[in-house]
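[1] compute the structure for the input listed below.
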Amino acid sequence: MLCYLRRMSSTAIRGDIRSDAEVIGLVGLAHGTSHFFHLMLPPLFPWLMKEFSLSFTQVGFLMTVFFVISGIGQALAGFVVDRVGARPVLYFGVGTLAASGLVLGFANGYPALVVAAAVAGTGNSIFHPADFTLLNRRVSPERLGHAFSVHGLSGNLGWAAAPVFMAGIASASDWHAAAFAASAFGLAVLFALIARAPALGDQGAERIVAVPTRTGAGTRPEQLGFLRSGAVWMCFAFFFLATGAFGILQNYAPAILGHVYRLPLALATAGLTAYLLGSAAGMVVGGFAAARHDNSDVVIAFALGLAAFVALLLASAVVPSWSVIALMAVMGFGVGVAGPNRDLLVRKAATAQFGKASYGRVYGFVYSGLDIGLAATPVVFGPVLDAGRFSAALVGVAALQVAALASALRVGRGARTVQAAKEK
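    Predicted coordinates:
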């Protein structure tokens with residue numbers, strides 16, 4: 001990631017390069033930490049299922065709790081970010097994630113696992129409104145495409161690191177030790193962010209665009225005006241669908257690949273890691289695509305179309321087992337390319353009409369679709385796996401990705417229509 005930042009900086013022609021790079025790096029570190037804690041629990045499912053006699057549906061429900069709380073909290077956190085600034089909210093999120101590792105480490109039954117998931121979901125809820133507020137306010141506009149790329153890349157690296165970290169420590173010791181180690185990692189990141197606090201100041205209280213009140217008695221800030229925007233709702237739908245597809249893989253990819261292709265657990269888990277690393281590489285490519293192409297929706301459509309094709313190919317079970325890891329990497333690459341372009345699509349289609357002071361609430365609401373998608377898929381597809389229909393889950397991945405690319409095209413078409421109308 002540091003090499004990528006240096007390359008990004010060498011191409012810039014305006015703004016404070018060092019300041020931008022530091023903000024991007026710190027926000028990326030925080031975002032990677034949040035994604036690491038997304039996968040604090042799933043790599044431990046084999047140990048938790050054995051110790052507490054749990055089903056796929058029960059362990060999937062833990063992630064539903066995580067993402068339901070995160071989704072609700074994310075929509076609310078956006079208002080807090082707009083009011084008090086992103087930096088204190090970011091500290092709260094990282095500290096709460098570290099606390100969730102402690103709760104998990106001391107868990108002695110299923111109810112305690114649910115509490116650990118709830119605490120982690122609370123911590124996770126603040127990252128997108130806080131992160132994107134900092135990036136939009138502190139990074140020069142010409143480097144925002146690269147900033148969004150690094151943001152997504154760091155998240156994928158967090159996802160890729162978590163299975164190795166958590167399962168590796170659990171294998172060497174036990175799952176309690178893995179949970180405590182995750183908590184220590186969260187605390188280390190929190191201290192690093194506090195040490196660089198001046199770089200994360202975001203001038204939180206920018207003026208909100210005022211609109212007339214219905215009574216005609218002057219004007220008032222329109223706090224919820226963004227909810228009347230069709231573009232905002234379509235962006236919400238896009239995140240719900242796209243991340244719903246990922247939620248299937250995040251929770252169940254090792255089980256799916258193990259049953260469909262008779263892979264041992266280590267290789268099946270490597271398939272998920274390959275997907276995440278492929279997605280990270282795609283984020284880098286997607287950052288340059290976002291900087292060069294105005295039609296972000298078209299880039300998203302091609303990228304997710306590739307991913308959906310690979311998902312259907314894997315579902316067919318006609319490919320040899322030795323190719324599964326490479327195909328998972330290709331699918332991840334397609335999803336990764338879409339990442340920075342989706343973030344620019346949100347900025348272009350939704351936030352411009354509401355002003356900079358609404359970054360937190362708009363991003364918070366739109367990205368709550370991400371959490372709701374990740375919350376829904378374990379509940380829907382856990383019973384599918386319990387019934388032994390593992391290939392059907394991969395078909396579900398492809399269907400959700402196709403629906404997501406269709407929504408992205410609709411958002412992009414609408415944004416171009418609005419822009420054309422303004423230019424007349």
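
[2] any stretches of the chain with poor pLDDT?
    For the chain, the stretches with pLDDT under 70 are 1-15, 202-226, 291, 347-360, 415, 418-424.

[3] what ranges does it have for its strands?
    210-212, 219-221 (DSSP state E).

[4] count of neighbours near the residue lying closest to residue 175 once chain neighbours are set aside?
    Of all residues beyond its chain neighbours, the one nearest residue 175 is residue 47 (4.3 Å), with distances taken as CB to CB, 6 or more residues apart in numbering. C-beta coordinates here come from the backbone N, C-alpha and C atoms, glycine included. Residues contacting residue 47 under the criterion other CB atoms under 10 Å number 17.

[5] also residue 75?
    Applying other CB under 10 Å, we find 21 residues neighbouring residue 75.

[6] who's in contact with it?
    By CB atoms under 8 Å, 6 or more residues apart in numbering, the contact set of residue 75 is 364-365, 368.

[7] same check, this time on residue 24
    Contacts of residue 24 (CB under 8 Å, 6+ apart): 5, 135, 139, 143, 146-147, 150-151.

[8] same thing with residue 236?
    Applying CB under 8 Å, 6+ apart, we find residue 236 in contact with 365-366, 368-369.

[9] and if you look at residue 164?
    Residue 164 makes contact with residue 273 under the criterion CB under 8 Å, 6+ apart.

[10] distance of it from residue 95?
    To residue 95, residue 164 is 24 Å away according to CB to CB, to the nearest Å.

[11] can you give me the buried ones in the lengthiest helix in the chain?
    The helix that spans the most residues within the chain, counting by DSSP state H, is helix 390-423. Within helix 390-423, the residues that count as buried by 16 or more other CB atoms under 10 Å are 390-391, 393-394, 396-405, 407-412, 414-415.

[12] and it, how far out from the chain's middle?
    Taking CA atoms, centre = their mean, to the nearest Å, one finds the center of helix 390-423 at 17 Å from the center of the full chain.

[13] next one: stretch 17-26
    Using CA atoms, centre = their mean, the offset of stretch 17-26 from its chain centre is 21 Å.

[14] dump stretch 293-308 to CSV, restricted to CA.
    Below are the C-alpha coordinates for stretch 293-308, written out as CSV (Å, rounded to 0.1, in the frame of the first residue of the first chain):
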residue,chain,number,x,y,z
HIS,A,293,-13.0,7.5,-16.7
ASP,A,294,-15.9,9.7,-15.9
ASN,A,295,-18.6,7.0,-16.4
SER,A,296,-18.0,5.1,-13.1
ASP,A,297,-21.1,3.0,-13.6
VAL,A,298,-19.9,1.5,-16.9
VAL,A,299,-16.6,0.4,-15.2
ILE,A,300,-18.7,-1.1,-12.4
ALA,A,301,-20.9,-3.0,-14.8
PHE,A,302,-18.0,-4.6,-16.7
ALA,A,303,-16.2,-5.5,-13.4
LEU,A,304,-19.2,-7.0,-11.7
GLY,A,305,-20.2,-8.8,-14.9
LEU,A,306,-16.9,-10.6,-14.9
ALA,A,307,-17.3,-11.5,-11.2
ALA,A,308,-20.8,-12.9,-11.8
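
[15] how many residues are close by residue 376?
    Residues near residue 376, counting by other CB under 10 Å: 18.

[16] list the contacts of the nearest residue to it once chain neighbours are set aside.
    Residue nearest to residue 376 in three dimensions, not counting chain neighbours: residue 244, with 6.1 Å by CB to CB, 6+ apart. The contact partners of residue 244, by CB under 8 Å, 6+ apart, come to 373-374, 376-377, 400.

[17] closest one of those to residue 155?
    residue 374 (12.7 Å; CB to CB).
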